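Peer 1: Okay, sequence plus prediction incoming.
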Amino acid sequence: MTSGETVRTCRRALGRGRLTIGLLWGARRLILAGKLKRVLPWIAGAAGFLALVVSAWGDPAQDCHARALAKLARGNLSGALAEENRALDLRSDFPAAYFTRGRVQLQLGRPADALADFNAVVQREPHNAAAYCALGDVRRAQGDLLGALADYDLAILNQPDLVAAYAGRAETRRRRGDLPGAIADDAKVLAAEPRDAAALAGRAAARLAGGDYAGAEADATRALALQPDQPEVYNNRALARKSRGAPDLALLDYNQALELKPDYVEAYLGRAYVKALLGDLAGAEADDTLAISYGPTDAIAYYNRGAVRQALGKMDLAVLDFNQAIQANPGFAYAYRNRGMVRFDAHDFVSAETDFRKAIELDPALTYVRFRIWLARARLGQPDQATTELRTYLDGLPAGGPPAWPVLVGRLLADELGEGDLLAAAQRQGPGKVAGCQCEAYYYVGARRLVTGDTLGATDYFQKAVATGQKELQEYNSAVAELAFLKAANH
């Protein structure tokens, strides 16, 4: 309430006090005059009469506003809206009425009307921090993140301790990718309100996106201790735990998220991924299928199930899933890549090359797909043309391009590096990378030998690739497929 409104309210109270005293004095005079019978019915209607007189002498707009607040507190939105409309009809320069009507409009799903009302507040009260904060909330919900940031900045400028403005700005910054800024704003909220579960959950999300998995897990754990019914926070903690190498704990969190929200597509996809990591491919396929049942147009869900079915050897079903993923998202480079892999492993090299080329058109950074194009063209009888194309790509790589290892693989296929050099380089890779690089080296050496007609040498290297046990790698799956073709050809 402004100082002017406070003064007017005090004057109204004084005026009503004088009126009440006058009414009581009149009643006393009637009683003293011996006219009690006339006094009793007069007193019986005095309350209603007094209300009429007070309404006439008071501030009707303020009374409408008070009724609107009471109705809003009871959840009567239409009633609150009607009262504020009346208040503003009576007094058009009433910031508090505009503000409350804006809140009601927002709850009724009318963001444009809410924006108009909150703007009306700041036009009349340019330093109203709550109104700027409300404007920021509406603009953030509409996706106008720059506009929301400007409003939150004004709110904080006018009231530096307005916690809601820091909370709104934190979410806005997080959505814009300003993770340090979001974390700083969440810290402001938590400094004022250390048990704010929403701020802890928000900071956990920002830390997760920034790769601080331990910090994200710690914040999510604190948030869940304060408010355990948050499926999104369980999902984020699961992601943090999976990323730091604790899939068993991640699985428990995904279970909890799905218990709270049975139609949570992202949690099904996350749990499917963890199950695949733990070797439960059938369980992963089942979870991806549930994700599709709740999100039938989700390209990621179809892609993930296709990848699982690919690993299970259900190649026809995998292709159908990649088809669905591409239909849902025609720009999904990975879906084209994986469909190409399935077709390549089925020796449909023409279709595979088509898919591979579409994949690198959509995402030129898919370096390994270029190696598959070389293999497809070489298997189609175009090894020289394939080598020329690959050399052109490798020679054109800028400094700081793909990591050194994939470039070495490419140099092998382009006949610029010996087999022994590649195999030795695989042994020199960092901790946790040797087995994967060995699998790739064995596969590509074997594939190159197969192109030259050395089936015995190819078989030996494909067997070595499979012996690494790197089942999550496409090179492992392709080695298995080639061994099956070689075996069939010998019978």
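Peer 2: Done, it's in.

Peer 1: Low-confidence ranges, the stretch 1-150 of the chain, go.
Peer 2: Low-confidence segments of the stretch 1-150 of the chain, defined by pLDDT under 70: 1-58.

Peer 1: need the strands for it, in chain order.
Peer 2: With DSSP state E, counting those that start in this stretch, there are no strands along the stretch 1-150 of the chain.

Peer 1: Now stretch 231-248 - C-alpha only, CSV.
Peer 2: Presented in CSV, the C-alpha positions along stretch 231-248 are these (Å, rounded to 0.1, in the frame of the first residue of the first chain):
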residue,chain,number,x,y,z
PRO,A,231,10.5,-36.8,-10.0
GLU,A,232,12.6,-34.3,-12.1
VAL,A,233,15.1,-34.1,-9.3
TYR,A,234,15.4,-37.9,-9.0
ASN,A,235,15.9,-37.9,-12.8
ASN,A,236,18.7,-35.3,-12.6
ARG,A,237,20.4,-37.1,-9.7
ALA,A,238,20.2,-40.3,-11.7
LEU,A,239,21.9,-38.5,-14.6
ALA,A,240,24.6,-37.3,-12.3
ARG,A,241,25.2,-40.7,-10.8
LYS,A,242,25.3,-42.4,-14.2
SER,A,243,27.8,-39.8,-15.4
ARG,A,244,30.1,-40.3,-12.5
GLY,A,245,30.1,-44.1,-13.0
ALA,A,246,27.4,-45.3,-10.5
PRO,A,247,24.7,-46.9,-12.7
ASP,A,248,23.3,-49.0,-9.9
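
Peer 1: Rounded mean pLDDT for that stretch, please.
Peer 2: Stretch 231-248 shows a mean pLDDT of 97.

Peer 1: in it, what's buried?
Peer 2: 231-243, 246-247 (16 or more other CB atoms under 10 Å). Yep, even glycine has a C-beta here, placed from its N, CA and C like the rest.

Peer 1: List just the nearest of these to Asp298.
Peer 2: Nearest to Asp298, judged by CB to CB, of these is Asn235 at 15.3 Å.

Peer 1: Show me what whichever strand or helix holds the closest one is packed up against.
Peer 2: For Asn235, the host element (DSSP states H and E) is helix 231-243. Here helix 231-243 touches helix 197-209, helix 213-226, helix 247-260, helix 265-277, going by 3 or more CB pairs under 8 Å, 6 or more residues apart in numbering; DSSP states H and E.

Peer 1: The very next helix or strand once past the last one to helix 247-260, inter-axis angle?
Peer 2: Heading C-terminal from helix 265-277, the first helix or strand you meet, by DSSP H and E, is helix 281-294. Angle of helix 281-294 versus helix 247-260, following axes from the mean of the first three to the mean of the last three CA atoms, to 10 degrees, is 30 degrees.

Peer 1: Centre of the chain to helix 281-294, how far?
Peer 2: 21 Å (CA atoms, centre = their mean, to the nearest Å).

Peer 1: please begin residue numbering at 509 from this point
Peer 2: With 509 as the first residue, the last one maps to helix 789-802.

Peer 1: returning to what we had before: and for the helix holding Asn743, what's in contact with it?
Peer 2: 709, 712-713, 716, 719, 721-722, 724-725, 728-729, 731-732, 755, 757-759, 761-762, 764-766, 768-769, 772, 774-775, 778-779, 781-782, 785 (CB atoms under 8 Å, 6 or more residues apart in numbering).

Peer 1: Turn the helices and strands packed on helix 739-751 into TSV, columns for distance to Leu698.
Peer 2: Formatted as TSV, the helices and strands packed on helix 739-751 follow (distance: least, CB to CB, whole Å):
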stretch	distance to Leu698
helix 705-717	5
helix 721-734	9
helix 755-768	22
helix 773-785	26
